[in-house]
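S.K.: Task: produce atomic coordinates for the following.
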Amino acid sequence: MDQVIRKISIGTDYKDNAMHYSVGQMVYGGHEISHILFDTTDSSYNIHIKKNDEVMPWKKFNVNMAVAIEYDLEY
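M.R.: This next block holds a predicted model:
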């Protein structure tokens, strides 16, 4: 079953030194994080951003990094 990722945190110290990325967060010169996906082909987490109607890949993290995931709990 696929689950919708709402937030990803990258780093070993979640509270003090991790980078946190959430869907809807404004980043990179007026872009908004549109979705966060897990790619099973290379076991990576991919963050996509949008501005106006254009969506593009922005960041990619492999599973060897310290990652904390929050899933969207709305059904």
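S.K.: Was I right to think Val4 contacts Leu73?
M.R.: No - between Val4 and Leu73 there is no contact under Cβ atoms under 8 Å: 9.1 Å. Where C-beta positions appear, they are placed from N, C-alpha and C, glycine not excepted.
S.K.: the more surrounded of those two?
M.R.: Applying other Cβ atoms under 10 Å to Val4 and Leu73 shows that Val4 carries more neighbours, namely 12 against 8.
S.K.: In space, what's closest to that one - neighbours in sequence excluded?
M.R.: Once flanking residues are discounted, Val4 sits nearest to Asp72: 4.0 Å by Cβ to Cβ, 6 or more residues apart in numbering.
S.K.: Surely the one you found is in contact with Gly24?
M.R.: No - shown here, Asp72 and Gly24 do not form a contact pair, counting by Cβ under 8 Å, at 11.0 Å.
S.K.: Those two - which one has more neighbours?
M.R.: Using other Cβ under 10 Å as the criterion, Asp72 and Gly24 rank with Asp72 on top: 12 against 9.
S.K.: The more buried one: what's it in contact with?
M.R.: Residues in contact with Asp72, defined by Cβ atoms under 8 Å, 6 or more residues apart in numbering, are 3-6, 23.
S.K.: what's the answer for Phe61, then?
M.R.: Going by Cβ under 8 Å, 6+ apart, Phe61 touches 8, 10, 44-45, 67.
S.K.: Name the secondary structure element that contains it.
M.R.: Following DSSP states H and E, the helix or strand that holds Phe61 is strand 54-62.
S.K.: Please compute how far that strand lies from its chain's middle.
M.R.: Distance of strand 54-62 from the chain centroid (Cα atoms, centre = their mean, to the nearest Å) equals 8 Å.
S.K.: mind exporting that strand as PDB, just the C-alpha atoms?
M.R.: Only the C-alpha atoms of strand 54-62 are listed here, as PDB (Å, rounded to 0.1, in the frame of the first residue of the first chain):
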ATOM      1  CA  GLU A  54       5.400  23.900 -13.200                       C
ATOM      2  CA  VAL A  55       6.500  20.900 -11.000                       C
ATOM      3  CA  MET A  56      10.200  19.900 -10.900                       C
ATOM      4  CA  PRO A  57      12.400  17.600  -8.800                       C
ATOM      5  CA  TRP A  58      14.400  19.500  -6.200                       C
ATOM      6  CA  LYS A  59      16.200  17.200  -3.700                       C
ATOM      7  CA  LYS A  60      16.900  13.500  -3.500                       C
ATOM      8  CA  PHE A  61      18.000  11.500  -0.400                       C
ATOM      9  CA  ASN A  62      19.000   7.900  -0.300                       C
END
